[in-house]
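Enquirer: Fold the stuff below for me.
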Amino acid sequence: MAYQRDPLAGKLPVTLITGFLGSGKTTLIRRLLTHPDMNRVAVVINEVGEIGIDNDLVVMSSENVSLLANGCLCCTVRTDLQETLRELFGQRRAGQIADFDRVVIETTGLADPAPVIQTLASDTMLGAQYRLDGVVTLVDAVNGPDQLRTQPEAVKQAAVADLLVITKEDLAQPAGVQALTAALRDINGNAAIRHTSMGQIEPAELTGLGLTSARSREGALRFLGTAFDEAGATGGQGGYLGDRVPSRHAGIETLALRFDAPFTWDVFAAAMDMLIGMRGVDLLRVKGIVNVEGQPVVVQAVQHIMHPPVTLDAWPTDDHGSRLVFITRNIKAAAIRGLFEAVGAIRS
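Expert: Below is the predicted model:
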């Protein structure tokens, strides 16, 4: 095979940190900003004052960018996030600010993370310079259970996460933490769960959550999560659709769809376009590896937006079946199966 440039090479990885009001994002960000391993990271926040950066830690400051003593950049969202990321990259390229090789974005407590993910996928300029590395959702061990019962945005934040971080465990009863952990697995059995208190977490634990390279290597598809493993381990025939137990939270379900027969890209794209067109608002997240005429292609989608597909240089395992993980809201497995049948994706 002729050498092809890795399409992900050179793109700055972006970690999105979200969580409902009071989940501990400010505490976590404050600790991250002082960590020595953050010396080449740009952290995008809404207001520096909310984080409470000690003036002694700031060695250089401009209108919206502060350089901290450890080399970490703290950038304030001045207009909208798209413009902020464009300016940040432009200033980096022009040498106006310190170089950085990673971005961490903190969202507000009521923010839906989906538009940020969609922005990175749909904005041509941003997509050429940045790539989504992962979504980290913080959940308060004390108030989280009630928020998941009453706040749809809190459920959605948990549903789209690649990593769930349960905070304030020191203030909660062990039985409550156990129940919250079970509830989060009910909403998003695909994500890893990390427990912490007082924002004590290593920056390395928030990185490498997404697809980092098109080069096939061990663990290359770990970002697809446990549902991917279950789908890959079913041994089912083409068209096997493995259901998970439906969540009690706002109709959220994780579904694993497997095909053994290869696709053409046109057939697969037609099925996804139809699904997005009819139920995009309830298609919270899709991840998968698809056999496109023998080639392994990684696909991702969030609601109405498909990320550009990434063709791996080789299959990471001996399993060449297509496996797709859907996190949906009020979409039944039979409906997805029927849609793929309608466009001829399932072959006898």
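Enquirer: Next secondary structure element downstream of the helix or strand Leu284 falls within?
Expert: Per DSSP states H and E: Leu284 is located in strand 283-292. Later in the chain than strand 283-292, the nearest helix or strand by DSSP H and E is strand 295-302.
Enquirer: who's in contact with that following strand?
Expert: Residues outside strand 295-302 that contact it (CB atoms under 8 Å, 6 or more residues apart in numbering) are 114, 117-118, 121, 160, 211, 216, 221, 265, 268, 272, 276, 283-291, 306-307, 309-312, 314-316, 320, 324. (Glycine included, C-beta is placed from N, CA and C.)
Enquirer: before we move on, the earlier item: between the strand holding Leu284 and strand 295-302, how many degrees?
Expert: 170 degrees (axes from the mean of the first three to the mean of the last three CA atoms, to 10 degrees).
Enquirer: Give the other helices and strands that strand 283-292 contacts.
Expert: helix 152-159, helix 225-232, strand 252-259, helix 265-279, strand 295-302, strand 322-329 (3 or more CB pairs under 8 Å, 6 or more residues apart in numbering; DSSP states H and E).
Enquirer: from the chain's centre, how far out does it sit?
Expert: 13 Å (CA atoms, centre = their mean, to the nearest Å).
Enquirer: again, but for stretch 7-20
Expert: 8 Å.
Enquirer: Dump the C-alpha coordinates for it into CSV.
Expert: What follows is stretch 7-20, C-alpha atoms only, in CSV (Å, rounded to 0.1, in the frame of the first residue of the first chain):
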residue,chain,number,x,y,z
PRO,A,7,-5.4,12.8,8.1
LEU,A,8,-5.3,13.3,11.9
ALA,A,9,-1.6,14.3,12.0
GLY,A,10,-1.0,17.8,13.0
LYS,A,11,-4.5,18.5,14.2
LEU,A,12,-4.8,19.9,17.7
PRO,A,13,-6.8,17.6,20.0
VAL,A,14,-9.7,19.2,21.8
THR,A,15,-11.1,17.9,25.1
LEU,A,16,-14.5,19.2,26.0
ILE,A,17,-15.3,19.4,29.8
THR,A,18,-19.0,19.6,30.6
GLY,A,19,-21.3,18.9,33.5
PHE,A,20,-24.3,20.4,35.2
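Enquirer: Mean confidence (pLDDT) on the strand holding Leu284, please.
Expert: Throughout strand 283-292, pLDDT has a mean value of 91.
Enquirer: hey, C-alpha coordinates of that strand in CSV?
Expert: Provided in CSV are the C-alpha atoms of strand 283-292 (Å, rounded to 0.1, in the frame of the first residue of the first chain):
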residue,chain,number,x,y,z
LEU,A,283,-29.4,10.6,17.5
LEU,A,284,-27.2,11.7,20.4
ARG,A,285,-24.0,10.1,19.2
VAL,A,286,-22.8,7.4,16.8
LYS,A,287,-19.4,5.8,16.7
GLY,A,288,-18.2,2.8,14.6
ILE,A,289,-15.9,1.1,12.3
VAL,A,290,-17.4,0.2,8.9
ASN,A,291,-16.1,-2.3,6.3
VAL,A,292,-16.3,-0.2,3.1
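Enquirer: show me where the protein has helices.
Expert: 25-33, 48-51, 81-93, 114-122, 124-129, 144-150, 152-159, 174-187, 225-232, 265-279, 333-342 (DSSP state H).
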